[in-house]
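K.L.:
any chance you can model this:
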Amino acid sequence: MKNLLAPLTLAVLATHSAIGSADEISFSYEGFYQPIKANVDSYGNISLLNYPTEFIGKLEYKVINSPLFTKGKLNTETCSDVAEKIDVYERYSSVPMLQKNILNNIRNNNTLLLHVTAAPFLTDPKLHKTASQAAVNAGIIRSGYHIQNNISFNHYDLSFEIEDDANIKRLGNEEAVLNKFSSNVNENILFGGTSASELNALDLACDIFNGKVKVSIELKGYESNPNLKDTILSSADIYSIKSFIESHPIEGIKDSKAKSYFQLGRAFESAAITLPQKADTAIIFNKLINQETQVLDLNNADLLANGVTKKLPARTYQGVSLLKYIEQ
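P.N.:
The predicted structure follows:
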């Protein structure tokens, strides 16, 4: 499967409260089953704090060609005709030629155009506008708004929930019908796009239309947000280090880098600050030491306010798209 990062944009308004240098907003969106919380910083960057794990996908069938039914949208009348044909199929089990004719006319002699969009919110241009308006309505006024979150899908699986009286069960061999449906869904859905393909089974189409067969798509991948960071050295710790070094000057070390490392080592020990893992220690020292002069830079306003942070790595994501038949 291919990977593609797509901006995840959300919508609708709610309340906000100050969190550090950002405001928190709670969103609702008609395609999601759960509210979404996000932060809006002073630059207008909107950072989602949680992604939806259940949402509504879109599915549409159109009848392109059929010996029995009118071309166009699948509708209640068409599906009533399908059910009546299946009634006849069941009643005349002793007439195999009639059953074969009905089976062919329902399953084989039709051309249906199938459209599946598993994650429509990924590409909906209205959502960014709505999210921005939600921030404004919550009292967060910025010169512009930008959705920071990204989500990348790299795998999908289809599953089906079938009622006992579904058409495909009445006609039998439903596994083959469902496998053909699954094989026609392509990886466009990983990118928020629409999978368009042809299928022949009017019985399955009507089962989905009437809710007798429910289709869901499990999507797996990764989520990331450049504005979500992990604090690896707090501002309080930096103040403690700064205070110790200023009150305990040292002499006799001429090499600036060696002096800076020695000062930090003593300060960490005095303040009882446990050094983090090796990779994080390198980040901390690079932030606290001016890389040009190799002299300690403990008066940096950003460090004193926010501490030393690092970007959180992309996290694994798993969500379920529950397909809903959409009439256009």
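
K.L.:
what segments of the stretch 101-250 of the chain are helices?
P.N.:
With DSSP state H, counting those that start in this stretch as the definition, the stretch 101-250 of the chain shows helices at residue ranges 125-137, 167-171, 174-184, 202-209, 235-247.

K.L.:
now do the second one: everything it contacts.
P.N.:
Outside of helix 167-171, the residues that reach it under the criterion C-beta atoms under 8 Å, 6 or more residues apart in numbering are 82-83, 86, 89-90, 103, 106-107, 162-163, 174, 177-178, 201, 203-204, 206-207, 212-213. The C-beta positions use only the backbone N, C-alpha and C, and glycine is treated the same way.

K.L.:
please identify the most buried of the helices of the stretch 101-250 of the chain.
P.N.:
Between the helices of the stretch 101-250 of the chain, the one whose residues have the most neighbours on average, counting mean count of other C-beta atoms under 10 Å, is helix 202-209 (a mean of 26).

K.L.:
helices or strands next to it in the packing?
P.N.:
In terms of contacts (3 or more C-beta pairs under 8 Å, 6 or more residues apart in numbering; DSSP states H and E), helix 202-209 is packed against strand 54-65, helix 76-91, helix 167-171, helix 174-184, strand 213-224, strand 315-325.

K.L.:
so which of these is the most packed in?
P.N.:
Compared across those, helix 167-171 shows the largest average neighbour count, a mean of 22 (mean count of other C-beta under 10 Å).

K.L.:
pLDDT wise, what is Glu292 at?
P.N.:
pLDDT, Glu292: 90.

K.L.:
any idea how far it is from Lys212?
P.N.:
Per C-beta to C-beta, to the nearest Å, Glu292 is found 70 Å from Lys212.

K.L.:
sorry, back to before: would you format the helices of the stretch 101-250 of the chain as a markdown table with mean pLDDT and distance to Phe55 included?
P.N.:
What follows is the helices of the stretch 101-250 of the chain, written out as a markdown table (pLDDT from 0 to 100; distance: least, C-beta to C-beta, whole Å):
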| stretch | mean pLDDT | distance to Phe55 |
| --- | --- | --- |
| helix 125-137 | 80 | 12 |
| helix 167-171 | 95 | 26 |
| helix 174-184 | 93 | 20 |
| helix 202-209 | 94 | 18 |
| helix 235-247 | 92 | 38 |
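
K.L.:
let's have these in CSV, adding distance to Ser47.
P.N.:
CSV is the format used below for the helices of the stretch 101-250 of the chain (distance: least, C-beta to C-beta, whole Å):
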stretch, distance to Ser47
helix 125-137, 11
helix 167-171, 44
helix 174-184, 35
helix 202-209, 37
helix 235-247, 20
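
K.L.:
which among the ones you listed is found nearest to Leu219?
P.N.:
helix 174-184 (14.4 Å; C-beta to C-beta).

K.L.:
CA atoms of the closest one as CSV?
P.N.:
The C-alpha coordinates for helix 174-184 follow below in CSV (Å, rounded to 0.1, in the frame of the first residue of the first chain):
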residue,chain,number,x,y,z
GLU,A,174,-22.6,-14.5,-0.3
GLU,A,175,-18.9,-14.9,0.4
ALA,A,176,-18.1,-14.6,-3.3
VAL,A,177,-20.3,-11.5,-3.7
LEU,A,178,-18.6,-9.8,-0.7
ASN,A,179,-15.1,-10.8,-1.9
LYS,A,180,-15.8,-9.2,-5.2
PHE,A,181,-17.1,-6.1,-3.5
SER,A,182,-13.9,-5.9,-1.4
SER,A,183,-11.6,-6.4,-4.4
ASN,A,184,-13.3,-3.5,-6.2
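
K.L.:
distance between that helix and the chain's centre?
P.N.:
Here the centre of helix 174-184 is set off from its chain's centre by 26 Å, with C-alpha atoms, centre = their mean, to the nearest Å.

K.L.:
now stretch 101-116
P.N.:
Per C-alpha atoms, centre = their mean, the centroid offset for stretch 101-116 relative to its chain is 33 Å.

K.L.:
CA atoms only for it, dumped as PDB, please.
P.N.:
Taking only C-alpha atoms (Å, rounded to 0.1, in the frame of the first residue of the first chain), the coordinates of stretch 101-116 have been written out as PDB:
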ATOM      1  CA  ASN A 101     -32.600 -16.800 -14.900                       C
ATOM      2  CA  ILE A 102     -33.500 -14.700 -11.800                       C
ATOM      3  CA  LEU A 103     -30.000 -15.200 -10.400                       C
ATOM      4  CA  ASN A 104     -28.400 -14.000 -13.600                       C
ATOM      5  CA  ASN A 105     -30.700 -11.000 -13.800                       C
ATOM      6  CA  ILE A 106     -29.900  -9.900 -10.300                       C
ATOM      7  CA  ARG A 107     -26.200 -10.800 -10.000                       C
ATOM      8  CA  ASN A 108     -24.700 -11.000 -13.400                       C
ATOM      9  CA  ASN A 109     -26.500  -9.000 -16.000                       C
ATOM     10  CA  ASN A 110     -26.200  -5.600 -14.400                       C
ATOM     11  CA  THR A 111     -23.600  -2.900 -14.500                       C
ATOM     12  CA  LEU A 112     -23.500  -0.900 -11.200                       C
ATOM     13  CA  LEU A 113     -21.100   2.000 -10.600                       C
ATOM     14  CA  LEU A 114     -19.800   1.900  -7.100                       C
ATOM     15  CA  HIS A 115     -18.300   4.900  -5.300                       C
ATOM     16  CA  VAL A 116     -16.600   4.500  -1.900                       C
END
